[in-house]
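Enquirer: Attaching a predicted model along with its sequence, questions to come.
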Amino acid sequence: MKDILHCDLNNFYASVECRDDPSLIGKPVAVCGSQEARAGIVLAKNYEARAFGIKTGDKIFEARQKCPDIVIVPPHMEKYSAISKQVRAIYRRWTDLVEPFGMDECWLDVTGSHYLFGSSEEIANNIRETVKAETGLTISVGVSFTKVLAKLGSDMKKPDAVTVLPAESFREKIYPLAVNEIIGVGPATFKRLQKLRIHTLGDLAKTDPDALVRLLGKSGIWLWRAVNGYDDAEVHDQDYKREIKSIGSSTTLPRDLYTDAEVWRTLLGLSEEVTRQLRREGFCAGGVTVSVKTNDLSYREYQTVLSVPMRSAQSFARAGFELFKARFDWRLPIRAVGIRAIYLYPDSLARQDSFFCDCRRLEREEKLGEVSDSLRERFGRDIIFPARLKNGLELTREKVNIFQSSHGYS
């Protein structure tokens, strides 16, 4: 049986801002994206702001309605990244098995650390105190025998706390909790479970796993195993690379889109980033997914298989655009757009030509992409780009998302 910790930096962004500006201490504070870039939502908040009901994802005007005295501060991502690396370095004093889960969370496998550092709970408290002393920030630590239960433990008591969920008594501690307290149960899954009258983790644990599979597919059996303590996922070190399942990029636009031409330019700009990452990872896309959020915040997603695997930005964007035109009904303007490469193929595999694809043009476009990558590496990302993107839309730069297989932790 493993001994696993889940360490979670409390209110990370907001805590860093309050640490670096003592005048914010004791005030309700929210770190928010740019309103000008249409990313004006709450990214993080401190406990004073939470007391007013402010939640991550609230729009700025909603946060101000709940708390007129809220202090809005912009994010400083480079600073957060540097502190995250500093904290991970602290964790590695106790074990080399440190697996990041976002910027502010990590799993640690301390199974082999007891001889030097004591029990799992002692290690958790020593790490907690060291992080506080060296960074001025607090963490909550969950201690258990699986990754899922360790994360659940770190959420049960905040801030600056250690929660132990041992194998012999974890059930009595977690089964009364709401079913959406566990990782893997988002809003959509929560609604489905509610329809089956599965309200608590205890209800979930006692449900027939076959019924969960019928309701949720593979994630149903994963959730049943996780809540019963059967999760056997390992904690991996920083060099471990999971299987990449898809690569995508999305953006919230500075202004609403009203025409196909605007959507085309947006998809082309996003596809430049996605296909660049495809080439870097050594993949071609066998399918494409396009996501659209209208200005009433309704979300739609469409996908299709490509006639031939590709990693050309022009061809990939065209495929996404044709899918968009065939499926999207222009009833409302568009606020956000995303495109994702799915059904990934190693680029070393031979590709079958298709009557439905101009393969010579595709080959020329892919070679152009490789040359563009080389120029960007030498002279910066803005040294070369499609002429269509020179004028018109300004995309808020959001990083490419790599979706990996992760035993339900994605």
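Expert: Okay, I see it.
Enquirer: model confidence over the helix or strand that contains residue 319, on average?
Expert: Residue 319 is part of helix 313-327 when elements are defined by DSSP states H and E. The predicted model assigns helix 313-327 a mean pLDDT of 92.
Enquirer: That helix: how far from the chain's middle?
Expert: 25 Å (C-alpha atoms, centre = their mean, to the nearest Å).
Enquirer: Buried residues, the helix or strand following that helix. List them.
Expert: Tracing the chain past helix 313-327, the next element assigned as helix or strand by DSSP H and E is strand 334-346. The neighbour-count check on strand 334-346 (16 or more other C-beta atoms under 10 Å) flags 334, 335, 336, 337, 338, 339, 340, 341, 342, 343, 344, 345 as buried. Placement of C-beta: from N, CA and C, glycine included.
Enquirer: Residue 76: neighbour count?
Expert: Other residues lying near residue 76 total 15 when counted by other C-beta atoms under 10 Å.
Enquirer: should've said residue 327
Expert: Neighbourhood size, residue 327 [other C-beta under 10 Å]: 14.
Enquirer: cool, and residue 144?
Expert: When counting by other C-beta under 10 Å, one arrives at 28 neighbours for residue 144.
Enquirer: picking that back up, can you list the helices and strands that the helix holding residue 319 packs against?
Expert: Taking 3 or more C-beta pairs under 8 Å, 6 or more residues apart in numbering; DSSP states H and E as contact, the helices and strands that helix 313-327 lies on are helix 260-281, strand 283-294, strand 299-310, strand 334-346, helix 359-379.
Enquirer: what about the third one, distance to the chain center?
Expert: Counting by C-alpha atoms, centre = their mean, strand 299-310 is centred 21 Å from the centre of its parent chain.
Enquirer: what's the angle between that strand and helix 313-327?
Expert: Relative orientation of strand 299-310 with respect to helix 313-327: 140 degrees, computed using axes from the mean of the first three to the mean of the last three C-alpha atoms, to 10 degrees.
Enquirer: and strand 299-310, which strands flank it?
Expert: Paired neighbours of strand 299-310 in the sheet (DSSP bridges): strand 283-294 (antiparallel).
Enquirer: quick one: the residue lying closest to residue 6 once chain neighbours are set aside from residue 89, how far?
Expert: What sits nearest to residue 6 in space, not counting adjacent residues and going by C-beta to C-beta, 6 or more residues apart in numbering, is residue 150, at 3.8 Å. To residue 89, residue 150 is 20 Å away according to C-beta to C-beta, to the nearest Å.
Enquirer: same question, residue 44
Expert: 22 Å.
Enquirer: cool, residue 122 as well?
Expert: Here residue 122 is placed at a distance of 20 Å from residue 89 (C-beta to C-beta).
Enquirer: Also residue 16?
Expert: Distance, residue 16 to residue 89, by C-beta to C-beta: 17 Å.
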